[in-house]
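In: Task: produce atomic coordinates for the following.
(2 chains)
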Amino acid sequence: MIESQRHSYHLVDPSPWPISGSLGALATTVGGVMYMHSFQGGATLLSLGLLFILYTMFVWWRDVLRESTLEGHHTKVVQLGLRYGFILFIVSEVMFFFAFFWAFFHSSLAPTVEIGGIWPPKGIGVLDPWEIPFLNTLILLSSGAAVTWAHHAILAGKEKRAVYALAATVLLALVFTGFQGMEYYQAPFTISDSIYGSTFFLATGFHGFHVIIGTLFLIICGIRQYLGHLTKEHHVGFEAAAWYWHFVDVVWLFLFVSIYWWGGI
Amino acid sequence: MAISMMRSALLRNSLRSASKPSAPTRRGFSSSAHHDDAYEAAKWEKIAYLGAATCTILAIYNLSKGHPHYETPPEYPYLHIRNKEFPWGPNGLFEVKEDHH
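Out: A predicted model of the protein is given here:
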């Protein structure tokens, strides 16, 4: 196969995963709407759709790993394309969070008379930014340092140290999520408590969701590093995970400064 | 005038250094040598440990303080908004914290 190929591009084989993912998304959307409107079978369709999406993600990425690690399709040119693709994905994620910050600043810079004309709205007890949120800032920054450690360990060919570094990164990520869960549980307001609760939980909740995705991404990289999939010269999956992790870190810094700190005074 | 003088000085310097290929190169690019990555890895390992240690101390301090108690606010119309029932009941999924108030 490889011998007969006279170019360095990866012409992918026909795959069932795009259509299975699309059907999963359709079932999730329709099922979600049905469930929220208490239609019969809504919960079943929603669960089925989510299961379908999770299955598709697993087998699709399994195929990508086979194509890169075992079949050698990810040449330098393909790696470049993957990097461009991932950068564009992160740019789209930046826009996603930009919208939530817009909602937050729209509501907080000129608080309406309905919430007492002040921010935080009257009756909202806010979280102290210098307690758990500041600790979480340090935790994420430390995990950013750990992922840089992992990167240099990979580049230096220190395979075992790279696994340790990734384990440290993941551990810090899990501690962050744990503290965030604790903070949510102890928060004196909920998502249904005024526009403050809505914007707060929308922004920090989606950030937390992204932290969980990034953690899974890093766990996969750790397993692949342990299995010897990643080399000094070729570790695009790890690079993407590290970029994603730094992105999540930067979003948190903005959340901390604007929502927790500035928005909590 | 000064800029053009500086520019020509820079040019002269670069030409001079280029004309001496035998001179030992002392510039180290971070990704060029194996040794540098080992050094960087060790450096970032230390930074990560330092960060983790700081986080541990701060976590112990924060957790030992206990969480503050908030007063129950008056029933403003914009708090605890309920427009219709959820499929699973009257409260949001993660909202059961009545015992905290």
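In: tell me which helix or strand of chain B sits lowest on mean pLDDT?
Out: Taking mean pLDDT, DSSP states H and E as the measure, the helices and strands of chain B show their lowest mean at helix B:2-19, namely a mean of 53.
In: ok, and does the next helix-or-strand element following that helix reach over to chain A?
Out: Next in sequence after helix B:2-19, counting helices and strands by DSSP states H and E, comes helix B:34-65. Yes - under the criterion of C-beta under 8 Å from any C-beta of the partner chain, chain A is reached by helix B:34-65 at B:34, B:37-38, B:40-41, B:44-45, B:47-48, B:51-52, B:54-55, B:58-59, B:62, B:65. Bear in mind the C-beta positions are built from the backbone N, C-alpha and C, glycine included.
In: Which of those are buried, as a ChimeraX select command?
Out: The buried subset of the residues of helix B:34-65 next to chain A, as determined by 16 or more other C-beta atoms under 10 Å in any protein chain shown, is captured in ChimeraX by this line:
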select /B:37,38,40,41,44,45,47,48,51,52,55,58,59,62
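In: excluding its backbone neighbours, what's nearest A:A150?
Out: Spatial nearest neighbour of A:A150, excluding adjacent residues (C-beta to C-beta, 6 or more residues apart in numbering or on different chains): A:A165 at 3.5 Å.
In: contacting residues around the one you found?
Out: By C-beta atoms under 8 Å, 6 or more residues apart in numbering or on different chains, the contact set of A:A165 is A:146-147, A:149-150, A:153, B:41, B:45, B:48.
In: Where does it fall, secondary structure wise?
Out: A:A165 is located in helix A:159-186, with elements delineated by DSSP H and E.
In: How far away from the center of its chain is the next helix-or-strand element following that helix?
Out: Where DSSP H and E defines the elements, the next helix or strand beyond helix A:159-186 is helix A:194-226. Distance of helix A:194-226 from its chain centroid, counting by C-alpha atoms, centre = their mean, to the nearest Å, is 5 Å.
In: One more: stretch A:162-172?
Out: Distance, stretch centre to chain centre, for stretch A:162-172: 17 Å (C-alpha atoms, centre = their mean).
In: buried set for that stretch?
Out: With burial defined by 16+ other C-beta under 10 Å, the residues of stretch A:162-172 counted as buried are A:162-170, A:172.
In: Same check on stretch A:52-59?
Out: A:52-53, A:56.
In: now swap in stretch B:61-75 and tell me
Out: Buried positions in stretch B:61-75, judged by neighbour count with 16+ other C-beta under 10 Å: B:62, B:67, B:70, B:73.
In: Save the residues you listed as TSV, and put in secondary structure and pLDDT too.
Out: Compiled in TSV, these are given as follows (DSSP: H, G, I helix; E, B strand; the rest coil; pLDDT from 0 to 100):
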residue	secondary structure	pLDDT
B:N62	helix	94
B:H67	coil	75
B:Y70	coil	85
B:P73	coil	89
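In: Quick check: which ranges of chain A have low pLDDT?
Out: Low-confidence segments of chain A (pLDDT under 70): A:1-3.
In: State the distance from A:I195 to A:I115.
Out: The span separating A:I195 from A:I115 equals 6 Å under the rule C-beta to C-beta, to the nearest Å.
In: ok so A:G117 is a helix residue?
Out: No - using DSSP: H, G, I helix; E, B strand; the rest coil, the secondary structure at A:G117 is coil, not a helix.
In: contacting residues for it?
Out: With contacts defined as C-beta under 8 Å, 6+ apart, A:G117 is in contact with A:P111.
In: Flag the shaky bits of chain B, pLDDT-wise.
Out: Per-residue confidence for chain B (pLDDT under 70) gives these ranges: B:1-35, B:96-101.
In: which residue packs closest to the residue nearest the centre of chain A, ignoring adjacent ones?
Out: For chain A, the residue nearest the mean C-alpha position is A:H210 (2.6 Å; C-alpha atoms, centre = their mean). On the basis of C-beta to C-beta, 6+ apart, the spatially nearest residue to A:H210 that is not a chain neighbour turns out to be A:V248, at 5.1 Å.
In: Please list all residues in contact with the one you found.
Out: Contacts for A:V248 were tallied using C-beta under 8 Å, 6+ apart; they are A:140, A:207, A:210-211, A:214.
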